[in-house]
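Colleague: Turn this into a structure:
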Amino acid sequence: MRSYSIFLILILMIACTDSKRPDISTISYKISIYRTEMAIFDQKKPFNNDALYDFYLNRVIVLSDSSEYDVFKEDENFNKIANDVKTKFTNFDVYENQLEKSIKYYLYYFPDAEIPQFFTMITGFAYPLVFDENKIGIGLDYFLGEDYPTYSNFLPNYLIRKTNPENLVPMTIEAFLQQQVEEPVKNATFLDLMIYEGKLLVLMDLLLPEMDDRLKITYTPEQLNWVKSNERDIWALFIQEDLLFTSDELSFDKYFSEGPFTSGLAPDSAPKLGTYIGWQIIRKYIQETGKIPSEWIHQTDAQEILKIANYRP
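Modeller: Residues are numbered from 1 along each chain as shown. Predicted structure coming up:
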């Protein structure tokens with residue numbers, strides 16, 4: 001009887017969690033991810049000037065004409081990378097399905113949104129993602145896993161762990177959202193930037209409801225535990241340093257930067273403390289107001305958001 005009761009409780013908990021998520025079953029969006037690396041290195045696609053190839057070959061790889069393209073597609077090093085990518089991502093459906101589901105969630109909240117064309121590529125390890133207003137390129141050679149030997153030649157350890165395939169979807173969704181959320185104006189304050197970063201992460205909460213928080217902010221489990229345990233002290237530090245309303249980027253850039261830890265704090269501290277606190281402020285704002293994303297995504301008055309959120313960790 002006891003085991004049955006525990007099972008029933010678990011089922012009810014799962015049902016309650018699912019009931020909070022929007023019903024996206026009627027949203028007809030179907031993702032189409034074009035595999036440029038397969039077209040070039042497997043199929044040896046001829047050079048052409050359509051928009052996608054123009055974007056990839058002229059803005060990512062930076063080739064000038066078809067003769068350079070012929071050399072590029074036969075290059076031994078790029079073919080080796082392409083083969084490693086093909087082996088690693090033999091079944092890309094799982095990533096396509098996750099991205100499609102996330103975009104459907106976005107369309108639930110913003111039904112008139114224009115969705116960019118997604119495509120995969122290899123960049124010679126130059127970029128994990130390249131995007132503009134209507135295209136997002138995913139550099140699969142950046143997501144071959146932290147044990148891929150080439151990474152240690154040019155990436156520090158704190159970035160190598162971001163090369164695991166589990167980061168592909170959240171980093172792609174973050175790139176997508178960066179095109180949807182208005183960036184703070186020039187000379188933005190520390191608070192403005194926290195609120196911007198917080199909006200991105202709360203939207204990621206909504207678009208990736210099953211994903212662990214550490215993957216959304218690219219923390220290790222230990223770093224996530226550290227910020228949770230030290231949230232009150234982090235906020236107190238920001239107040240003590242009188243950071244909220246300053247626009248002196250040199251004084252607060254370290255609180256948004258990638259790194260193994262935050263400069264000036266303990267080696268076991270987490271990076272991106274401003275990003276994390278902004279995330280908690282927006283979560284609290286939504287808790288206080290009950291507003292849906294379309295009602296706050298364009299709200300640019302950071303001081304008003306902080307006031308209404310009544311954030312006190």
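Colleague: For residue 225, the count of nearby residues, please.
Modeller: By other C-beta atoms under 10 Å, 13 other residues sit near residue 225. (C-beta placed from N, C-alpha, C; glycine too.)
Colleague: average pLDDT for the host helix or strand of it?
Modeller: Following DSSP states H and E, one finds residue 225 within helix 221-229. Helix 221-229 carries an average pLDDT of 98.
Colleague: roughly how far is it from the heart of the chain?
Modeller: 19 Å (C-alpha atoms, centre = their mean, to the nearest Å).
Colleague: now for the helix or strand that that helix is followed by, which elements pack on it?
Modeller: Of the helices and strands lying after helix 221-229 in sequence (DSSP H and E), the nearest is helix 231-240. Counting contacts by 3 or more C-beta pairs under 8 Å, 6 or more residues apart in numbering; DSSP states H and E, helix 231-240 packs against helix 273-289.
Colleague: Can you give me the buried ones in the helix it packs on?
Modeller: Within helix 273-289, the residues that qualify as buried by neighbour count (16 or more other C-beta atoms under 10 Å) are 273-286.
Colleague: Throw these into JSON lines and include pLDDT, thanks.
Modeller: As requested, the buried residues of helix 273-289 are exported to JSON lines (pLDDT from 0 to 100):
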{"residue": "273", "pLDDT": "98"}
{"residue": "274", "pLDDT": "98"}
{"residue": "275", "pLDDT": "98"}
{"residue": "276", "pLDDT": "98"}
{"residue": "277", "pLDDT": "98"}
{"residue": "278", "pLDDT": "98"}
{"residue": "279", "pLDDT": "98"}
{"residue": "280", "pLDDT": "98"}
{"residue": "281", "pLDDT": "98"}
{"residue": "282", "pLDDT": "98"}
{"residue": "283", "pLDDT": "98"}
{"residue": "284", "pLDDT": "98"}
{"residue": "285", "pLDDT": "98"}
{"residue": "286", "pLDDT": "97"}
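Colleague: Relative to residue 36, which of those residues is nearest.
Modeller: residue 275 (31.3 Å; C-beta to C-beta).
Colleague: nearest spatial neighbour of that closest one, skipping sequence neighbours?
Modeller: residue 197 (4.2 Å; C-beta to C-beta, 6 or more residues apart in numbering).
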